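In: Quick check, what structure comes out for this input:
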Amino acid sequence: MKSVLEVLKSTTDYFAKAGVENPRLNIEHLLAHTLGKRRMDLYMEFDRPLGEKELHPLRDLVRRRAAGEPLQHLLGTVEFMGRVFRTDSRALIPRPETEQFADRLLKLHPVPPESVLDMGTGSGILALTLASSWPAAEVHAVDVSADALALATANAQSLGLTERVHFHLGNLLIPPCAKPFQLLVANLPYIPSGEIAGLSREVQHDPKLALDGGPDGGDIIRELITAARPHLQGLLALEIGHDQSVFLSEALEQAGYRDIRAETDYQGRSRFLFASYG
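Out: Numbering: from 1, shown residues only. Here you go, the predicted structure:
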């Protein structure tokens, strides 16, 4: 019978050989999930013996993680801005850059906007984070995927936000309501089509619909830049690819937006675009 510490050490080695990033952290999360404990609780139970009843479900999770299935899918949840969201293969796993994007949006609006639209909401993380932080804001969220919206609705239910966040199935050209929005946020697909096959094993588990942005990655974003104008009286905020700020800034300027500025992510790469319209 192996102890908690022995399982952690042996699986860390196994994950490292399988090419899993942060192997020790991964097995800590999986073991804590299997045992129904917090990850930090494991440090107080290194000598605890683990029986077959506990090891059997863990082996399946370890096998799937070593094969490249994302840790977030195996856990079924992800933490974002201090809140826990459900996550699975129906929508994009939120990246650290998106958490930084949400933080920037909150700091840009010391006075919350009255109306917010999250275009391409996926699991609803941006819309629900903003709604949680801005109780007076009317928040709408749109996605072309019914599966993603089902996940977003489940997240809204978990956070008690079903009355305040309105989800809509549709594309970029169908506004969810008649009045203009003061803030339109979007983390749309921005990976160039030709680069998708070379993405990591983990990213390959994300829906292609949430990744493919056309030949240069900017097709859907350019479409939104044009389509948003009749429905925006305020700020357009975009998360984009690290090498797309120049040509997307030009597209914004040509479409009549003003106060266009790019901001960098934690790695110093141009990742966010902000522009005003109306």
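
In: in which helix or strand would I find residue 24?
Out: Counting by DSSP states H and E, the element that carries residue 24 is helix 23-35.

In: Tell me which other helices or strands that helix touches.
Out: On a contact count with 3 or more C-beta pairs under 8 Å, 6 or more residues apart in numbering; DSSP states H and E, helix 23-35 meets helix 4-17, helix 52-66, helix 71-75. For every residue, glycine as well, the C-beta is placed using N, CA and C.

In: Sheet-wise, list the partners of the helix or strand that comes right after that helix with their directions.
Out: The helix or strand immediately downstream of helix 23-35 is strand 49-50, counting by DSSP H and E. Applying DSSP bridges, strand 49-50 is found paired with strand 2-3 (antiparallel).

In: Could you tell me the end-to-end distance of stretch 140-149?
Out: 12 Å (C-alpha to C-alpha, to the nearest Å).

In: any residues touching it, and which ones?
Out: For stretch 140-149, contacts defined as C-beta atoms under 8 Å, 6 or more residues apart in numbering pick out 90-91, 115-124, 126-127, 152, 165-172, 174, 176-177, 181, 207, 209-210.

In: which among those residues end up buried?
Out: Neighbour-count burial (16 or more other C-beta atoms under 10 Å) is assigned, among these, to 90-91, 115-124, 126-127, 152, 165-168, 172, 176, 181, 207, 209-210.

In: So which of those are in strands?
Out: Of the buried ones among the contacts of stretch 140-149, the ones assigned to strands by DSSP state E are 115-119, 165-168, 181.

In: Dump those to CSV, plus distance to residue 98 and pLDDT.
Out: CSV is the format used below for these (distance: C-beta to C-beta, whole Å; pLDDT from 0 to 100):
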residue, distance to residue 98, pLDDT
115, 21, 95
116, 16, 96
117, 17, 96
118, 11, 97
119, 14, 96
165, 17, 97
166, 21, 95
167, 18, 96
168, 21, 94
181, 20, 95
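
In: Of the residues you listed, which is the nearest to residue 226?
Out: residue 119 (12.8 Å; C-beta to C-beta).

In: what's the nearest residue to the closest one once chain neighbours are set aside sitting at in phi/psi?
Out: Nearest residue to residue 119, sequence neighbours excluded (C-beta to C-beta, 6 or more residues apart in numbering): residue 186, at 4.3 Å. Here is the backbone geometry of residue 186 (degrees, to the nearest 10): phi -160, psi 130.

In: residue contacts, residue 186?
Out: With C-beta under 8 Å, 6+ apart, residue 186 has these contacts: 118-120, 221, 224, 236-239.

In: Would you mind listing the two of those that lie farthest apart?
Out: The largest separation in the contacts of residue 186, counting by C-beta to C-beta, is between 118 and 221 at 14.5 Å.

In: Do a quick rundown of the strands in the stretch 151-278 of the chain.
Out: 165-169, 181-186, 232-239, 258-264, 270-277 (DSSP state E, counting those that start in this stretch).

In: Next, the angle strand 115-119 makes with the first one.
Out: Computed with axes from the mean of the first three to the mean of the last three C-alpha atoms, to 10 degrees, the direction of strand 165-169 lies at 40 degrees from that of strand 115-119.

In: Identify the residues contacting strand 165-169?
Out: Under C-beta under 8 Å, 6+ apart, the answer for strand 165-169 is 121, 124, 127-128, 131, 138-144, 146, 149, 152-153, 156, 174, 176.

In: Next: the fourth one.
Out: The set of residues external to strand 258-264 that reach it, using C-beta under 8 Å, 6+ apart, is 104, 245, 249, 252-253, 270-277.

In: hmm, 10 Å instead?
Out: For strand 258-264, contacts defined as C-beta atoms under 10 Å, 6 or more residues apart in numbering pick out 100-101, 104, 108, 235-238, 240, 242, 244-246, 248-253, 269-278.

In: buried subset of those residues?
Out: Buried subset of the contacts of strand 258-264 (neighbour count, 16+ other C-beta under 10 Å): 100-101, 104, 235-238, 240, 244-245, 248-249, 251-252, 270-275, 277-278.

In: rewinding a little: out of the contacts of residue 186, who's nearest residue 10?
Out: Nearest to residue 10 among these: residue 239, at 38.9 Å, using C-beta to C-beta.

In: Would you confirm that that closest one contacts residue 269?
Out: No: at 11.5 Å, residue 239 and residue 269 do not qualify as touching, with contact defined as C-beta atoms under 10 Å.

In: Having no further points to raise, I will conclude here.
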